[in-house]
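Visitor: heads up, no residue letters with this:
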């Protein structure tokens, strides 16, 4: 069994330029930096195989960023097997946009308006293309540095508990779409019995659609002398407390880095977002009690910033609790196997009725003129929402035209083992149930699921809802949000489990 070699690197990828901040249906132009956004890279190599983990403080990874990173790494160091770069987003809604300035045809990005499509007279907006080139260069530098500074070391691992995620889909006894005045639009207006962030103070409130996942998976790294050098922290929750902020921020991961480093020094930390498509770091039904907690505990009414600190305390506590016993079993020589495949997953098909609904919706929005009155910021806000709505309808129509010829969505899947620990990736905001199905059937002692993993090409992200999500409908479980069906979600489970079993049986 070959000895492990471990290398770390990180880069601050913040910018003072006024860049678009994706994550909402309107453009937000950054007004400086709240806290640093970071790229972190970790290479674990045993001579026979390796993995280069990369984590980026951004909402999702698109517009060919992975291809650009792999090309830059190869140009700098051809020895690095670039297909083994496994890159994921923390899903902060306050990262800088690296999306293409000009959208390709009508299949524009579904979650944010493109700079080239939205009038922004009077508002300075820096090029997202230029930021992507900067981000790709920084990421490539970090990967190459981590690879080149590999040195003998060891790993330890374990799991703990940290309350971060809560179900964000609220289910009602009645069908919301049948209520008087119910909205029907391409953003949040396709509700059924469920709604994302729905009002729980409602006589028809029944329950949350999903439970919660309070597991935190941790993999620690050590140098040859047994000193802690860094850790992967895998949490099933997006970093989404400051999601409406107009400054760049890593969200609660900044607070986690601060809290952990206050106890352990300036170690490397690599955040991973586990399956959390139907989860968020927000409590919906206990807000009054939470507000009182934060007033007394932190002497503030700034609920979301207080929530970030609260989350960081819990993660840092779990980090220490697990480290205390996991470091008793540091391994310096382990099998490493990393498989990278492309799998095809059954698409969520657009029906004839849905196609007609999208056609009419697009025609209606195309007739609506851009806003020309008000302040430049007010015009940008309104016009970017209009373009985002048009793009979402256009994307549905494009899918309808191609789905018969292309019934499967290709996805790059990473499945790897480091001793008795496994990692498996997917491109989605993946509903929690799929993760539990994979982990329950995995033959490994611990299985880390990484959602929002980067894909080759221009696309990435999108939700993958469960059967019960599809029944409830609503945002994250509609034709606009799901490229893959619940059937395709189960196919992802089966493809992942099969590869996990193969890796485990290979010894």
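Guide: In hand now; what should we look at? As the structure is a prediction and not an experimental result, all values here were calculated from the model.
Visitor: residues contacting residue 125?
Guide: 18-20, 27, 29, 115 (CB atoms under 8 Å, 6 or more residues apart in numbering). No exception for glycine: its C-beta is placed from N, CA and C like everyone else's.
Visitor: the stretch 251-400 of the chain: helices as residue ranges?
Guide: For the stretch 251-400 of the chain, the helices defined by DSSP state H, counting those that start in this stretch cover 252-264, 287-298, 303-326, 352-367, 376-402.
Visitor: now render those as a markdown table, adding mean neighbour count and distance to residue 153.
Guide: Below are the helices of the stretch 251-400 of the chain laid out as a markdown table (neighbours: other CB atoms under 10 Å; distance: least, CB to CB, whole Å):
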| stretch | mean neighbour count | distance to residue 153 |
| --- | --- | --- |
| helix 252-264 | 20 | 16 |
| helix 287-298 | 13 | 38 |
| helix 303-326 | 19 | 15 |
| helix 352-367 | 14 | 53 |
| helix 376-402 | 20 | 46 |
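Visitor: may I see those helices arranged in CSV, with distance to residue 484 and mean pLDDT as well?
Guide: What follows is the helices of the stretch 251-400 of the chain, written out as CSV (distance: least, CB to CB, whole Å; pLDDT from 0 to 100):
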stretch, distance to residue 484, mean pLDDT
helix 252-264, 27, 98
helix 287-298, 33, 96
helix 303-326, 30, 97
helix 352-367, 16, 96
helix 376-402, 11, 95
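Visitor: which of these sits closest to residue 246?
Guide: helix 376-402 (10.1 Å; CB to CB).
Visitor: counting by contacts, list what that closest one packs against.
Guide: helix 352-367 (3 or more CB pairs under 8 Å, 6 or more residues apart in numbering; DSSP states H and E).
Visitor: so which residues of the stretch 351-500 of the chain form strands?
Guide: 408-418, 421-425, 429-430, 446-450, 463-464 (DSSP state E, counting those that start in this stretch).
Visitor: just checking: what are the partner strands of the third one?
Guide: With DSSP bridges as the test, strand 429-430 is paired with strand 463-464 (parallel).
Visitor: quick check: mean pLDDT of the partner strand?
Guide: Regarding strand 463-464, the rounded mean pLDDT is 98.
Visitor: neighbours around residue 173, how many?
Guide: Residue 173: 11 surrounding residues under other CB atoms under 10 Å.
Visitor: contacting residues around the residue nearest to it when sequence neighbours are not counted?
Guide: Using CB to CB, 6 or more residues apart in numbering and skipping residues adjacent in sequence, the residue nearest residue 173 is residue 204, 4.7 Å away. For residue 204, the contact set (CB under 8 Å, 6+ apart) comprises 172-174.
Visitor: surely residue 193 touches residue 470?
Guide: No: using CB atoms under 8 Å, residue 193 is not in contact with residue 470; the gap is 11.2 Å.
Visitor: who has more neighbours, these two?
Guide: Comparing residue 193 with residue 470 by neighbour count (other CB under 10 Å), the higher total belongs to residue 193, at 21 against 18.
Visitor: so what pLDDT did the spatially closest residue to the more buried one that is not a sequence neighbour get?
Guide: In space, and not counting its chain neighbours, residue 193 is closest to residue 472: 4.8 Å by CB to CB, 6+ apart. Note on residue 472: pLDDT of 97.
Visitor: isn't residue 472 up against residue 198?
Guide: No: applying CB under 8 Å, one finds residue 472 not in contact with residue 198, separated by 10.0 Å.
Visitor: what sits in contact with each of those two?
Guide: Contact criterion CB under 8 Å, 6+ apart; residues shared by residue 472 and residue 198: residue 169.
Visitor: any weak-confidence spans in this protein?
Guide: Residue ranges of the chain with pLDDT under 70: 1, 103-114.
Visitor: burial count for residue 163?
Guide: Counted with other CB under 10 Å, residues neighbouring residue 163 total 17.
Visitor: relative to residue 269, how far out is it?
Guide: 19 Å (CB to CB, to the nearest Å).
Visitor: do the same with residue 175
Guide: On the measure of CB to CB, residue 175 and residue 269 end up 44 Å apart.
Visitor: picking up where we left off before, may I ask which of the contacts of residue 125 has the most neighbours?
Guide: residue 20 (27 neighbours).
Visitor: next, the contact list for that residue, please.
Guide: Residue 20 makes contacts with 27-30, 96-97, 99, 112, 115, 125, 128, as judged by CB under 8 Å, 6+ apart.
Visitor: one more time with 7 Å
Guide: 27-29, 97, 112, 115, 125, 128 (CB atoms under 7 Å, 6 or more residues apart in numbering).
Visitor: can I get the residues you listed in CSV with distance to residue 155?
Guide: Supplementary listing: the contacts of residue 20 in CSV, determined by distance: CB to CB, whole Å:
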residue, distance to residue 155
27, 42
28, 39
29, 42
97, 35
112, 37
115, 42
125, 43
128, 37
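Visitor: residue 157 and residue 237, how far apart?
Guide: From residue 157 to residue 237 the distance is 20 Å (CB to CB).
Visitor: oh, I was asking about residue 380
Guide: Separation of residue 380 from residue 237 (CB to CB) stands at 30 Å.
Visitor: that's a helix at residue 52, yeah?
Guide: No: counting by DSSP: H, G, I helix; E, B strand; the rest coil, residue 52 is not found in a helix; it is strand.
Visitor: is it true that it touches residue 87?
Guide: No: at 8.4 Å, residue 52 and residue 87 do not qualify as touching, with contact defined as CB atoms under 7 Å.
Visitor: sorry, back to before: residue 366: which of the strands of the stretch 351-500 of the chain is closest?
Guide: Comparing the strands of the stretch 351-500 of the chain under CB to CB, the one sitting nearest is strand 463-464, at 26.0 Å.
Visitor: how far does the closest one sit from the chain's center?
Guide: Offset of strand 463-464 from its chain centre (CA atoms, centre = their mean, to the nearest Å): 11 Å.
Visitor: contacting residues around that strand?
Guide: With CB under 7 Å, 6+ apart, strand 463-464 has contacts from 277, 428-431, 476, 481-482, 484, 489.
Visitor: hmm, try it at 8 Å
Guide: 277, 426, 428-431, 434, 476-477, 481-482, 484, 488-489, 492.
Visitor: from these, pick the one nearest residue 185.
Guide: Distances from residue 185 to the contacts of strand 463-464, taken by CB to CB, are shortest for residue 481, at 13.3 Å.
Visitor: quick one: residues contacting the closest one.
Guide: So residue 481 contacts 462-463, 465, 475 (CB under 8 Å, 6+ apart).
Visitor: ok, residue 378 touching residue 371?
Guide: Yes: the criterion here is CB under 8 Å, and residue 378 meets it with residue 371 at 7.2 Å.
Visitor: distance of the residue lying closest to residue 196 once chain neighbours are set aside from residue 192?
Guide: Among residues not flanking residue 196 along the chain, residue 475 sits closest, at 4.1 Å (CB to CB, 6+ apart). When distance is defined by CB to CB, residue 475 is 11 Å away from residue 192.
Visitor: OK, contacts around residue 92?
Guide: Residue 92 neighbours (CB under 8 Å, 6+ apart): 23, 37, 57-59, 238-240, 242, 249-251, 253.
Visitor: meant to ask about residue 417, not that
Guide: Counted by CB under 8 Å, 6+ apart, residue 417 has contacts 335-338, 423, 444, 500, 503-504.
Visitor: kindly report the same for residue 412.
Guide: Taking CB under 8 Å, 6+ apart, one finds 340-342, 425, 427, 453, 455-456 in contact with residue 412.
Visitor: that one pairs with what?
Guide: Bridge pairing for residue 412 - DSSP bridges - gives residue 342.
Visitor: and if you look at residue 482?
Guide: Counting by DSSP bridges, the residues bridging with residue 482 are residue 463.
Visitor: contacts only, for residue 154.
Guide: With contact taken as CB under 8 Å, 6+ apart, residue 154 is in contact with 4, 6, 221-222, 226, 330-332.
Visitor: between these, which is nearest residue 348?
Guide: residue 221 (39.2 Å).
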